[in-house]
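Q: Show me the folded form of this:
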Amino acid sequence: MIFIKKVFLISCLFFTSLFSKNIVGLNVNNSDLEVHGAFVLNKFLNVDGNSAFVGNVNYIHGENNDEFNWGLGVYQSYDEVDGLLFGFGLNNVYTEDFIAIPLYAHIMYVLPFMDYFPKTNLSAKIIYAPEVLTFSKGDSYLEYRGEIDFDVINNISVYAGYRNIQAEHNDRIYINDFDDYDSFYGGLKFNF
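A: Numbering: from 1, shown residues only. A predicted model of the protein is given here:
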């Protein structure tokens, strides 16, 4: 697991130094700590247009388990509704017990009250890997989360959310459910 932590920190430093329009966040609750980053890759890939290619890294340190994941996705705005954004992509999830390659869908909406309130975003994300995309001792992986964030000052947001991670893994003696991360959380995001 120490190797995974080192890879996460190196990935964050590498992506942060290459790209603009990035987000790095830190959230906590009474049982775990999560650090995550999202990095727009369009400039690096020399891609123009309405789509945003996004790389993401995520590390959760829980009481019993640690989880590291990274992935790539494509985000597109929905022209009919201002502030609505859809994203689809592929993640790689590593834990001590299993490895998974889930697909994800992400929807974000910027509330249209910016004249009266700070910029407020709502988002929901589902990440799923069936048995065929779950390796080692894993049988399946499902994660879903919802978030709301408010801009406090320029480039800094306060956010709160709920996440639920359910993973079944079979260690050949018994089947265990990986459900350490069923909780609410709160934290800060830095945009740069």
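Q: confidence score at the residue most central in space within the chain?
A: Residue closest to the average C-alpha location in the chain (C-alpha atoms, centre = their mean): residue 58, at 5.9 Å. According to the prediction, residue 58 has pLDDT 93.
Q: Is it correct that it is in contact with residue 33?
A: No: Residue 58 is not in contact with residue 33 according to C-beta atoms under 8 Å; the separation is 11.7 Å. (Each C-beta comes from the backbone N, C-alpha and C, glycine too.)
Q: about what we covered before: may I have the beta-bridge partners of the residue nearest to the centre of the chain?
A: Beta-bridge pairing for residue 58 (DSSP bridges): residue 36, residue 69.
Q: quick check, residue 80 in a strand?
A: No: using DSSP: H, G, I helix; E, B strand; the rest coil, the assignment for residue 80 is coil, not a strand.
Q: need the contact list for the nearest residue to residue 130 once chain neighbours are set aside.
A: Of all residues not flanking residue 130 in the chain, residue 140 sits nearest, at 6.0 Å (C-beta to C-beta, 6 or more residues apart in numbering). Residues near residue 140 by C-beta atoms under 8 Å, 6 or more residues apart in numbering: 129, 130, 131, 134, 166, 167, 168.
Q: Please identify the helix or strand for residue 140.
A: Using DSSP states H and E, residue 140 sits within strand 138-153.
Q: Following the chain onward from that strand, which element is next?
A: The helix or strand immediately downstream of strand 138-153 is strand 156-170, counting by DSSP H and E.
Q: any idea how far residue 162 is from residue 78?
A: Going from residue 78 to residue 162 by C-beta to C-beta, to the nearest Å gives 24 Å.
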